[in-house]
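>>> curious how this folds, go ahead:
(chains A and B)
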Amino acid sequence: MLSMKEKELIEGALRGDERASRALFERYAPMLMGVCQRYCRTQAEAEDVLQDAFIRLFEKLPMFGFQGSFAGWARRLTVNVALKTYQRKRYTMEQNGIDHLPEEGGAPTAYAELGEQELLEMIKALPDGYRLVFNLYAIEGYSHKEIGELLNIQEASSRSQLLKARKMLQRQLEIRQRIAI
Amino acid sequence: MSQLDDLFRQGLGGRKAEVPNDLWDRIQANRPPTVPQDEQLDQFFASKLRDHTGSVPAGMWERIVAARAAKPRFRYAAVALVLLLALTLGLVRPWAADADKGASPLPASEGETAPSNIPAPHPGPAVETSPVAAAEVEGGATSLALPTSPAPALRRPNLASTPRPGAPVSAGGTLPPVTVARNTAEDLAPPSAAALAAAAADFSAPTAQQNVASATAELRNLTALATLENTDLAALATAPYLPTIKRQYRPKAEPSGSFRAAPRHRFQTEFLFGAAYAHQQFSVTDEANRPLRETREVTEFAELSHQVSLRGRYQMGKRLALLGGLTYAEIRNRVEYSLLVNGTATDINTNNQIRQLEIPLLLGYTLPGRRLQVSLNAGPVVNVLTSARGRFLHPDAPAPLSLADDGNYRRNTGIGLMASLSTTYLVGKQQPFVLLVEPFFKTYPGSFTVAGAPVQEDYWVAGLQLGVRKSF
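A predicted model of the protein is given here:
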């Protein structure tokens, strides 16, 4: 359900009120930046995706329709923009695989004590495909079928990428833990 | 074995020492926790990162505002193009209608009657020539109103009977009575019934009898006029009251696809330069090559393409023209990919070019117009030479491949089809030249790649050319 303030901001942005648009941006940008950071490898990429996401958000705002959560709508839209960006750069000239993951993996910490930043770094270190599937499945809650449609891959590929992503993350956690002991 | 050893063994060997109560807890506390697996791992990451927020860099809002302001450029361009076309068609249409009226043998409508301030130097109101009469007269000395009968109404000059450009007399209104040799006219055979009927239809006289009488007299007089010497006609043309005819009632020049100022020039040259959007389409026949198609689809994007044309234009008649020449076209695409350099992903942007040399052979049809004219052109485009330069990504290759070496492009793409809408505007009077604006569309039925290539690459191109036309 939209709060009154949120509704006013959206209506203002729809009318072209610059102040309302800016307020909307300031309200949701940190959350959407968090989403972008999970999907992008670098901060610069995340900033680009955030910029594109907001441009698209203001373009598509008339289609929001005030049904459901605006945060959820904005989040889905940002995820789509991130995926589109990824698809453009899908075929990076890298040959990353499970064996290419760096062994050192950051400061030694017991996994339970790992903070958001460390976990984010681990996710960013995943190869693109693994990172996207893990984000979509584990954090956003998409099913493998939906991921397959979003990324234009087979459902089985999504499962396999998720397993590999998990394996890599697990290994990272183990390495940190081993060093900590 | 000593007895001492036995003593201690028997005394202490089976002894059970007391274990501190908290020992197990202490051991557990020091034991490393098991790293979560599968769904637990997902839960762990999700719980920590679902609500993660990032710091937004300073100036991000300004970047968004700037990007939003810059974005509609292409929309504006598209809207401008549509408006230009609409405007062109809108402007040409009324003129086309004018010209059609001029060519029509039908009598003008009531609203087109001339104003009453046209001088009527003779007691009897003058009547203009009918199409029938004009057809009977040669030499262009037509459209002279003669005071022969009490035919009542003034009519707007009928354009079908107006003199051709360059004719010595350009009169379209009334003229004073001319004394002519009646003998010639009286010797004439009576006009045919059809001619009389047509002549009668052109009058707005109340009675058919009057119409027939005036038509007959008009025929006689005009036939007599045809026997006048050129000098007499020239004298008529310079009559002082001619300029009093309003401009809108003066005869108009016949619409011509050529220069208005120099209609005799049939051959003209055109130089055009244009920008275009080239739409790239990939297809595969073998599903095994689908990854390659997908790779290229997501890494190659259309850039602004361009072409330069030098064309000859041969006017074949009032409306039809033949166009042919040489066109150099360059289709441009941008390739985007990331390259890992020392572990850092670097974005690479590079351009691909497909260069073509073509011979367009178009047939043009010109819609009637004055200074602004529109021609519809269509015909084949014969591709003489095609070459590709650039790179593309292959999912199985560690580095980009060369388009020229591995792209499987044909040396020429065969025959394409082109349609265009040439809008011309005449500039200048003494030595006029024509400005050209030409939206065009080209399509190539054949693929740009050789038969059997892993991916077939097709194009259609749409753009706008600007140029000039000049006659020799």
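>>> contact partners for A:Thr42?
A:Lys124, B:Ala345 (C-beta atoms under 8 Å, 6 or more residues apart in numbering or on different chains). Quick note: C-beta positions are derived from backbone N, CA and C, even for glycine.
>>> state the distance from it to B:Ser338.
Applying C-beta to C-beta, to the nearest Å, the value for A:Thr42 to B:Ser338 is 10 Å.
>>> A:Glu45 too?
A:Glu45 is 9 Å from B:Ser338, by C-beta to C-beta.
>>> residues in contact with both of these two, list them for me.
Joint contacts of A:Glu45 and B:Ser338 (C-beta under 8 Å, 6+ apart) do not exist.
>>> okay, and the common contacts of A:Thr42 and B:Ser338?
Joint contacts of A:Thr42 and B:Ser338 (C-beta under 8 Å, 6+ apart) are B:Ala345.
>>> now do the helices in chain B.
Counting by DSSP state H, chain B has these helices, from start to end: B:3-12, B:23-30, B:38-49, B:60-70, B:73-103, B:131-136, B:182-186, B:193-201, B:208-225, B:230-237, B:290-299, B:403-406.
>>> ranking the ones you listed by mean pLDDT, which is last?
Mean pLDDT values for the helices of chain B show the minimum at helix B:131-136, a mean of 39.
>>> once you drop chain neighbours, what's closest to B:Ser402?
Closest residue in space to B:Ser402, ignoring its immediate chain neighbours: B:Arg391 at 5.9 Å, by C-beta to C-beta, 6 or more residues apart in numbering or on different chains.
>>> shouldn't that neighbour be in contact with B:Ala404?
No. Judged on C-beta atoms under 8 Å, B:Arg391 makes no contact with B:Ala404 at a distance of 9.3 Å.
>>> run through chain B and note the low-pLDDT ranges.
Scanning chain B for pLDDT under 70 picks out the ranges B:1, B:15, B:28-33, B:70-77, B:84-265, B:340-343, B:472.
>>> regarding it, what is its longest strand?
strand B:344-367 (DSSP state E).
>>> now it: buried residues?
B:Ala345, B:Ile348, B:Asn352, B:Ile354, B:Gln356, B:Glu358, B:Pro360, B:Leu362, B:Gly364, B:Thr366, B:Leu367 (16 or more other C-beta atoms under 10 Å in any protein chain shown).
>>> okay if I get these as JSON lines plus distance to chain A?
JSON lines is the format used below for those (distance: C-beta to the nearest C-beta, whole Å):
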{"residue": "B:Ala345", "distance to chain A": "6"}
{"residue": "B:Ile348", "distance to chain A": "9"}
{"residue": "B:Asn352", "distance to chain A": "15"}
{"residue": "B:Ile354", "distance to chain A": "21"}
{"residue": "B:Gln356", "distance to chain A": "27"}
{"residue": "B:Glu358", "distance to chain A": "32"}
{"residue": "B:Pro360", "distance to chain A": "35"}
{"residue": "B:Leu362", "distance to chain A": "38"}
{"residue": "B:Gly364", "distance to chain A": "41"}
{"residue": "B:Thr366", "distance to chain A": "43"}
{"residue": "B:Leu367", "distance to chain A": "39"}
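>>> gap between B:Glu270 and chain A?
40 Å (C-beta to the nearest C-beta, to the nearest Å).
>>> swap that for B:Leu81, sorry
22 Å.
>>> B:Leu464 is in contact with that residue, correct?
Yes. Between B:Leu81 and B:Leu464 there is a contact under C-beta under 8 Å: 6.6 Å.
>>> neighbour count winner among those two?
Just comparing B:Leu81 and B:Leu464: by other C-beta atoms under 10 Å in any protein chain shown the higher neighbour count belongs to B:Leu464, 18 against 15.
>>> beta-bridge partners for the spatially closest residue to B:Ala329 that is not a sequence neighbour, please?
Excluding the flanking residues, the one nearest B:Ala329 by C-beta to C-beta, 6+ apart is B:Gln307, at 3.8 Å. For B:Gln307, the beta-bridge assignment (DSSP bridges) gives partners B:Gly274, B:Ala329.
>>> how near is B:Gln307 to A:Phe70?
47 Å.
>>> spell out which parts of the stretch 251-400 of chain B neighbour chain A.
Contact residues (C-beta under 8 Å from any C-beta of the partner chain) of the stretch 251-400 of chain B with chain A: B:294-295, B:298-299, B:336-340, B:345, B:347, B:393, B:395, B:398-400.
>>> give me the buried subset of the residues you listed.
Buried among those (16+ other C-beta under 10 Å): B:Glu294, B:Thr295, B:Val298, B:Thr299, B:Glu336, B:Tyr337, B:Ser338, B:Ala345, B:Leu393, B:Pro400.
>>> so which elements touch the helix or strand harbouring A:Gln177?
Following DSSP states H and E, one finds A:Gln177 within helix A:155-180. The contact analysis (3 or more C-beta pairs under 8 Å, 6 or more residues apart in numbering or on different chains; DSSP states H and E) places helix A:155-180 against helix A:116-124, helix A:128-134, helix A:144-151, helix B:38-49.
>>> of those, which stretch is the most buried?
Greatest average neighbour count among these goes to helix A:128-134 (a mean of 23), per mean count of other C-beta atoms under 10 Å in any protein chain shown.
>>> residues in contact with that helix?
By C-beta under 8 Å, 6+ apart, the list of residues contacting helix A:128-134 reads A:38-39, A:41, A:83, A:86, A:89-90, A:92, A:123-124, A:126, A:147, A:151, A:158, A:161-162, A:164-166, A:168-169, B:42, B:45.
>>> from A:Val133, how far out is A:Ser158?
Counting by C-beta to C-beta, the gap from A:Ser158 to A:Val133 is 5 Å.
>>> can you list residues touching both of those two?
Contacts common to A:Ser158 and A:Val133, judged by C-beta under 8 Å, 6+ apart, are A:Ile147, A:Leu151.
>>> point me to the residue of the stretch 51-200 of chain B nearest chain A.
B:Gly54 (3.4 Å; C-beta to the nearest C-beta).
>>> so who does that residue touch?
A:Pro30, A:Met33, A:Gly34, A:Cys36, A:Gln37, A:Ala46.
>>> can you tell me which of those residues are in helices?
A:Pro30, A:Met33, A:Gly34, A:Cys36, A:Gln37, A:Ala46.
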